[in-house]
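**Student:** Sequence unavailable; structure follows:
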């Protein structure tokens, strides 16, 4: 399957030039052009001094009385020797001069293995030292910088878009069988061991401690009042069925008074936070909490209820249904212009960045965690990174390596040739002068 996907990707990308590759090729072409220009300049200077040397030799034979020719010839001779010597030194680094098997030439190509090993050891010793890396990283509040950057709406939106764009691929990559296996192997054992009654008791305890259960009672009172108002006729009918020997008007009067009394009681309880019925409701809830957390009957009932839920969930294939529903909704939302998922992700990231940027304690913890992680990674993988560099360099084509290195530093080496020509010429002049002084 992976091979088929790779073939499809290759077929889809055939004839499509990557912008990054195009940019790299353009940069390499510019470097090669600059190198050629400098090579022509250095070679041209060699040709000039050699031409001057030939001219001096010719002129000295005809006009030996010209005093300046020996000095010019000395400059040209030494300059030519220096230019040729430096040309040989530069060329010998990358290739064999004129293709001849000269010893100690094509140095880079011939010593590629050793260069790879030395480069790997050099990087490990000078760049992958834990103390060096941690020392550089510890002076920067990376957590705050990242948080401030993330708090910017444009940045959080960009990161959110990246995450949102990956969601369809992630959801489409999840197989229904994998969801079923996850539910059977991970979720089901956890749910079977869950003490449902104790968990519900804990939730009720949290609600009562914050007095959050009273609004539930208010909602219940309002719902009961609505039910009574909507079902007065039903209550009258049921009352008449139970009281066959009383007249209908009397039944209606009794029911109306009963309903009005109940509604008045509900209003009274709703208006009074300290009403007796509220205290009774509190006591009932507290007693229920104790029963849920300690009664074996409730605990058996909770486990039985959970087993029934698991069985129903499995038989109805709810896991696949939930995954399919989530997949459809998320993919449809991500494709819309005003995506809720994208907005939510961007909002969460921006809020997270703003919160972290304002909390120094969190920044300190994140920076400490990041530095410890960096140390562990460097200590654990520094040798592997060094070996990777070595293997990569060893795996390169020797001629390609030489060509790449020459493209990077060859232009500067041409200056060595130019300087060798000029410096050699000046040294030749000095030696000629020194020889005259000694002879005199």
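**Tutor:** Perfect, thanks for sending it. What you see is a predicted model; the values in this text were computed from it and never measured.
**Student:** For residue 422, give its distance to residue 416.
**Tutor:** As judged by C-beta to C-beta, to the nearest Å, residue 422 and residue 416 stand 11 Å apart. For every residue, glycine as well, the C-beta is placed using N, CA and C.
**Student:** Local confidence estimate at residue 3?
**Tutor:** Here the pLDDT value assigned to residue 3 is 42.
**Student:** And stretch 115-132, what's buried?
**Tutor:** If you call a residue buried by 16 or more other C-beta atoms under 10 Å, then stretch 115-132 has these buried ones: 115-117, 120, 123-124, 128.
**Student:** what residue is smack in the middle of this structure?
**Tutor:** Residue closest to the average C-alpha location in the chain (C-alpha atoms, centre = their mean): residue 159, at 9.5 Å.
**Student:** Which secondary structure element is home to that residue?
**Tutor:** helix 153-172 (DSSP states H and E).
**Student:** Contacts for that helix next, please.
**Tutor:** By C-beta atoms under 8 Å, 6 or more residues apart in numbering, the surrounding residues in contact with helix 153-172 are 149-150, 323, 326-327, 330-331, 334, 339, 341-343, 345-350, 353.
**Student:** Tell me which residues of it come out buried.
**Tutor:** 155-157, 159-160, 163-164, 167, 171.
**Student:** Now the element after it, going C-ward?
**Tutor:** Going down the chain from helix 153-172, the next helix or strand is helix 176-182, by DSSP H and E.
**Student:** for the very next helix or strand once past that next one, packing partners?
**Tutor:** Of the helices and strands lying after helix 176-182 in sequence (DSSP H and E), the nearest is helix 188-192. Packing contacts for helix 188-192, counted by 3 or more C-beta pairs under 8 Å, 6 or more residues apart in numbering; DSSP states H and E, involve helix 296-315.
**Student:** How far off centre is the helix it packs on?
**Tutor:** Distance of helix 296-315 from the chain centroid (C-alpha atoms, centre = their mean, to the nearest Å) equals 42 Å.
**Student:** So what touches whatever helix or strand comes next after that helix?
**Tutor:** Counting by DSSP H and E, the element after helix 296-315 in chain order, helix or strand, is helix 318-334. For helix 318-334, the external contacting residues (C-beta under 8 Å, 6+ apart) are 164-165, 167-168, 171-172, 174, 176, 179-180, 183, 312-313, 339-342.
**Student:** Could you rerun that using 10 Å?
**Tutor:** With contact meaning C-beta atoms under 10 Å, 6 or more residues apart in numbering, helix 318-334 is reached by 161, 163-172, 174-184, 187, 309, 312-313, 317, 339-344.
**Student:** Repeat that for stretch 33-48.
**Tutor:** Stretch 33-48 has contacts (C-beta under 10 Å, 6+ apart) with 76, 79-80, 82-84, 86-87, 90, 406-422.
**Student:** So which bits of that stretch are buried?
**Tutor:** Applying a neighbour-count criterion of 16+ other C-beta under 10 Å, the buried positions in stretch 33-48 are 35, 38-39, 42, 45-46.
**Student:** swap in stretch 208-220?
**Tutor:** Judged by neighbour count (16+ other C-beta under 10 Å), stretch 208-220 contains these buried residues: 208, 214, 217.
**Student:** wait, doesn't the second one sit right on residue 281?
**Tutor:** When you say that, I think you mean residue 214. Yes. Taking C-beta atoms under 10 Å as the definition, residue 214 is a contact partner of residue 281 at 8.2 Å.
**Student:** so how far is residue 391 from the residue nearest to residue 418 when sequence neighbours are not counted?
**Tutor:** Excluding its sequence neighbours, the residue lying closest to residue 418 (C-beta to C-beta, 6 or more residues apart in numbering) is residue 42, at 5.2 Å. The gap separating residue 42 from residue 391 is 36 Å, by C-beta to C-beta.
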